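S.K.: with the input below, show me the fold.
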Amino acid sequence: MSKLQAPSSGARGPQVSRLAPPGSLTKRPREGSVDLETGLDAKKSKMEAPSAPVTNLAKSKSRSMMSIAGARPAAGRAGTAGGRVGVVAGASKPKTTLARPGADRRQTTTALNDRTNSSMGRPGLAREKSSLVRSPAGAGKPAGKAAGGKRPAWDLKGRLEDMERMFDKTNRRVEDLETEKQTLQTDVEVKKEVVVQSSEEIRTLRSNIERSEQELENLRRSLREKEEQFNEETVRLKRQLEDEQYTKSSLERRLKSLEDELSSKQTEVAGLKNSVAELSSSRAGVEASLSGAKTELEEARTQILALKTESERKSEEIKTSLAAQEEMQAKLRWEESERRKLHNLVQELKGNIRVFCRMRPLLGEEKDGLDEIRHVNIQWEKTLELIKTVDSANESIAGGLNKNMKYDFEFDRVFGPTSSQADVFAEISQLVQSALDGYNVCVFAYGQTGSGKTFTMEGGPAIENDESECGMIPRTIRQIFEVQEKLKEKCWQYNLQASFLEIYNEEIRDLLTSDTNYKCEIKMSDSKGTDLHVTNLKSEEVTSESQIASMIRRARKNRAQAKTLCNERSSRSHSVFMLKIEGYNTATTETCCGTLNLVDLAGSERIKDSGSEGMRLTEAQAINKSLSNLGNVIMALAQKNSHVPYRNSKLTHLLQNCLGGNSKTLMFVNISPKEECFSETLNSLRFATKVNQCNIGTACKKAAK
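M.R.: Residues are numbered from 1 along each chain as shown. Predicted coordinates for the structure are as follows:
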C-alpha cells in the first residue's frame with residue numbers, strides 16, 4: 001500500500017480509463033481468463049503482506065482494510081465522498097494538538113477508530129464484485145438471449161449492449177477503487193504521523209529512563225563508596241582503639257614489673273652490703289691461704305721435674321721393649337713356618353693315602369631282634385675282625401665249607417657305631433690345616449649304599465638345629481674360619497671360593513644352580529697339564545658358616561636321589577665339594593694356595609638286592625662302572641704301572657690330582673651293620689686295604705699366582 005501515491009489535495013483529479021473503448025480491436029474475454037477484479041485483489045493481497053513485526057498500529061490498519069473491503073455503501077459515490085471528507089476532517093486534528101503529545105495521540109487514535117468503525121456499515125463494496133460478472137436472473141434480461149443466459153452468435157447488437165453495460169459498471173468500479181485508494185493513502189499518512197510522534201515519544205521516554213537509571217546507578221555507587229569509607233574509617237578507629245588499649249595495658253604491666261624490679265634491687269643491695277661485709281672479713285683468711293698455696297706450688301714444680309725425668313727413662317724402656325717385641329714377632333713367624341714344615345713332614349710320615357673305617361649304628365627296624373652286632377668285632381682303634389658264621393641247618397657235606405670264616409683288617413683308624421661326628425672330625429682336622437698351609441687335600445667316602453657316607457660328609461637332616469649331626473663339610477668350614485681368625489695376628493689373610501658338583505651318569509652337573517643349559521667339562525688349567533678345573537662351574541665366595549649351610553641345602557635339593565629296596569634315600573650320583581683357599585701374609589709377602597676336595601661317592605649296589613629297574617638300573621650301572629674304574633686306578637697305582645687309566649670315567653679324571661701324588665688323600669670306608677650285607681662289607685674292606693697299601697708319592701706346596 002505504500003507504493004500508491006496520495007493526491008496533492010482533497011479534490012479528485014480527472015480519471016483516465018484503463019479499459020479499451022467500445023468497438024476497439026481488443027479481444028473478448030475467454031473462458032479461464034482473469035478479470036480486472038481478480039487482478040486487483042491479488043495485488044492488494046501482495047501489498048498487505050507484513051514485512052515487519054506486527055504492532056498495535058499495524059493491527060488497527062488491518063482492521064480498517066477489512067472494514068473497507070467488506071462494507072461498500074449502496075449509494076456508491078455519495079457515501080465515498082462523505083467518507084473521504086470525514087477522513088480529511090479527522091486528519092487535520094493532529095496539527096492543532098501538537099502541544100500535548102499524550103493527549104494528541106489518544107485523540108488521533110480515537111478519530112481513526114471512529115472512521116474505521118463507521119466504514120464497517122458499507123456492505124455494498126463487497127457485493128459489487130460479484131455483480132460485474134453476474135446479475136440477478138430476472139433484472140434487465142435482453143430479449144435476444146437464449147434460454148441458457150448466453151446470446152447467440154448472430155445477435156451482435158445485443159452482445160454490444162451487454163458489453164457497454166459491463167463497461168459502464170467497470171468504469172464505476174474503477175472510480176470507486178480510486179476513491180478508496182485516496183482514502184487509504186490519507187489513512188496511511190495519518191498513521192505515519194502517529195507512528196512518528198509515538199516513536200519520538202518512545203525515544204524521549206527511553207532517554208529519560210536511561211538518564212534516570214544512570215543517575216540512580218551513580219547515586220548507588222556514591223552510596224556504596226560512602227559506606228565503604230565509613231566502614232574503613234570505623235575499622236581504622238577500632239584498630240586505633242585496640243592499639244591504645246594494648247599500649248595502655250603494656251605500660252601498666254611494665255610499670256608493675258619496674259616496681260617489682262625496684263623492690264628486688266633494693267633487697268639485692270641490702271644483701272650485697274652484707275656480702276661485702278662478709279668478704280672483707282674473709283679476705284684475711286684468703287691471703288693466709290694464698291701464701292700456703294704458693295709454698296705447695298713450689299713443691300709441685302719440684303715433683304713435676306722429677307716425674308719428667310722418670311717419663312723420659314720409661315720412654316727409653318718402652319722403645320727397647322717394642323724392638324724386642326718386633327724381634328719376637330719375627331721369631332714367631334719363623335716358628336710358624338717351621339711348624340708348617342714339620343706338620344707336613346708328620347703327615348708325609350703317616351702316608352699320603354690314609355684309610356679310616358667307620359660303621360654306622362643300627363637304625364629303626366634294624367634293631368628288632370638284634371641286641372648287638374655279631375659279625376663285626378672292633379678289636380682296637382686300628383683293627384677290626386669280620387666273622388662269617390654258618391648255621392648247622394645249612395651246613396654242607398664238604399668239611400672245608402663248614403668252618404666259620406674270620407677276616408682281619410687294619411687301617412689308620414677304625415670308628416665304631418658309638419663314635420660321634422666330632423670324634424671323626426678330630427682325626428681329619430690336621431688335613432684341614434694342611435689345606436690352609438697351601439696343600440691339596442682330598443677326603444672321599446666309599447662304601448655300599450645305605451652305609452652312611454652322606455651322613456659322614458654332609459651330616460644329618462637337622463644340622464641347622466643340632467650341631468652334633470654336622471658332617472665333615474660344615475665342621476671343616478668352621479675350623480677354617482677359627483684358624484683364620486687366629487692367623488690374623490700373624491698377618492695372614494685368606495680368601496675362600498666354594499663350588500659344589502655331582503657326577504650323574506657320567507655327566508657333570510652344578511649343584512649350586514638349577515640352570516642346565518651350561519655344559520661342564522674337565523679341562524687342563526695350564527699347558528703342563530698338572531692342574532685340572534671344571535668349565536662353567538659356579539663358584540661362590542665364602543664369608544660365613546651359615547653360607548655353607550645354605551649351599552648344602554641347595555645341593556641336597558638339586559642332587560639326584562631315589563628310593564631303592566636297599567636304601568630309602570639312595571644317592572644316585574657322586575658329589576664333590578671343592579674349596580679353594582688362597583692366603584697372603586702382609587708382613588712377609590708369603591702366599592699359599594690350597595684346594596680341599598670333600599667327595600661323597602655313590603654306594604655300590606647289587607642289582608638283584610636293590611631291585612633297580614628302568615632309570616634306576618641305568619644309574620646303578622653307571623655308579624658301579626665308575627667305582628670299578630676307581631678300583632682299576634688304585635690297582636695301577638699300587639702296581640706302579642706306567643699308564644694309569646684316569647680318563648676311563650669322569651670320577652677318576654676329576655680325582656686325578658688327588659690320586660696322582662700331588663695331594664694328601666684320606667678315604668673313609670663306610671660299612672653297614674646289617675649281617676645280610678656281609679658280602680658287600682667284605683668287598684669294601686678289601687678295596688680299602690688296597691688303597692691303604694697304595695703309595696702315590698709326596699704332595700707339594702703350592703703358592704698363589
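S.K.: switch to C-alpha atoms for all contacts and neighbour counts from now on
M.R.: Fine.
S.K.: what mean pLDDT does stretch 170-182 have?
M.R.: Average pLDDT, stretch 170-182: 93.
S.K.: can you list the buried residues in it?
M.R.: Buried positions in stretch 170-182, judged by neighbour count with 16 or more other C-alpha atoms under 10 Å: 170-171, 173-176, 179-182.
S.K.: list just the nearest of these to residue 330.
M.R.: Proximity of the buried residues of stretch 170-182 to residue 330 (C-alpha to C-alpha) peaks at residue 181, which lies at 150.0 Å.
S.K.: got the CA coordinates for stretch 611-628 in CSV?
M.R.: What follows is stretch 611-628 as a C-alpha-only set of coordinates in CSV (Å, rounded to 0.1, in the frame of the first residue of the first chain):
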residue,chain,number,x,y,z
GLY,A,611,65.5,-104.1,42.6
SER,A,612,66.6,-101.3,40.3
GLU,A,613,64.6,-101.0,37.0
GLY,A,614,64.5,-98.5,34.2
MET,A,615,66.2,-95.3,35.1
ARG,A,616,67.4,-96.7,38.5
LEU,A,617,69.0,-99.6,36.6
THR,A,618,70.9,-97.2,34.3
GLU,A,619,72.0,-95.2,37.4
ALA,A,620,73.2,-98.3,39.2
GLN,A,621,75.2,-99.4,36.2
ALA,A,622,76.9,-96.0,35.8
ILE,A,623,77.7,-96.0,39.6
ASN,A,624,79.2,-99.5,39.6
LYS,A,625,81.2,-98.8,36.4
SER,A,626,82.7,-95.6,37.8
LEU,A,627,83.6,-97.3,41.1
SER,A,628,85.1,-100.2,39.2
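S.K.: which residues are contacting that stretch?
M.R.: Counting contacts by C-alpha atoms under 8 Å, 6 or more residues apart in numbering, the residues outside stretch 611-628 that touch it are 504-506, 562, 564-565, 572-573, 602-605, 607, 649-652.
S.K.: in strands only, show me those.
M.R.: With DSSP state E as the criterion, strands contain 504, 562 from among the contacts of stretch 611-628.
S.K.: buried ones from the contacts of stretch 611-628, can you make that a PyMOL selection?
M.R.: The following PyMOL line selects those of those that are buried, judged by 16+ other C-alpha under 10 Å:
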select buried, resi 504+505+506+564+572+573+602+603+604+605+649+650+651+652
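S.K.: count of residues packed around residue 625?
M.R.: 17 (other C-alpha atoms under 10 Å).
S.K.: ok, the one 3 residues further on next?
M.R.: A count of neighbours around residue 628, defined by other C-alpha under 10 Å, yields 14.
S.K.: and it, how far from residue 605?
M.R.: From residue 628 across to residue 605, the span is 12 Å (C-alpha to C-alpha, to the nearest Å).
S.K.: now stretch 191-200, how far from the chain's geometric center?
M.R.: 81 Å (C-alpha atoms, centre = their mean, to the nearest Å).
S.K.: okay, buried residues for that stretch please.
M.R.: 191, 193-194, 197.
S.K.: in a markdown table, list those along with pLDDT.
M.R.: Putting the buried residues of stretch 191-200 into a markdown table (pLDDT from 0 to 100) gives the following:
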| residue | pLDDT |
| --- | --- |
| 191 | 91 |
| 193 | 91 |
| 194 | 91 |
| 197 | 91 |
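S.K.: restricted to helices, list these.
M.R.: Members of the buried residues of stretch 191-200 lying in helices (criterion: DSSP state H): 191, 193-194, 197.
S.K.: which sections of the stretch 251-400 of the chain are below the confidence cut-off?
M.R.: Scanning the stretch 251-400 of the chain for pLDDT under 70 picks out 336-337, 340-341, 343-352, 369-371, 390-400.
S.K.: what about the strands in it?
M.R.: 353-359, 376-377, 383-388 (DSSP state E, counting those that start in this stretch).
S.K.: before we move on, the earlier item: now, among the buried residues of stretch 170-182, which is nearest to residue 442?
M.R.: Taking C-alpha to C-alpha as the measure, residue 442 lies nearest residue 181 of these, at 142.6 Å.
S.K.: can you give me the angle the one helix or strand the closest one maps to makes with strand 353-359?
M.R.: Per DSSP states H and E, residue 181 falls inside helix 156-350. Helix 156-350 runs at 100 degrees relative to strand 353-359, counting by axes from the mean of the first three to the mean of the last three C-alpha atoms, to 10 degrees.
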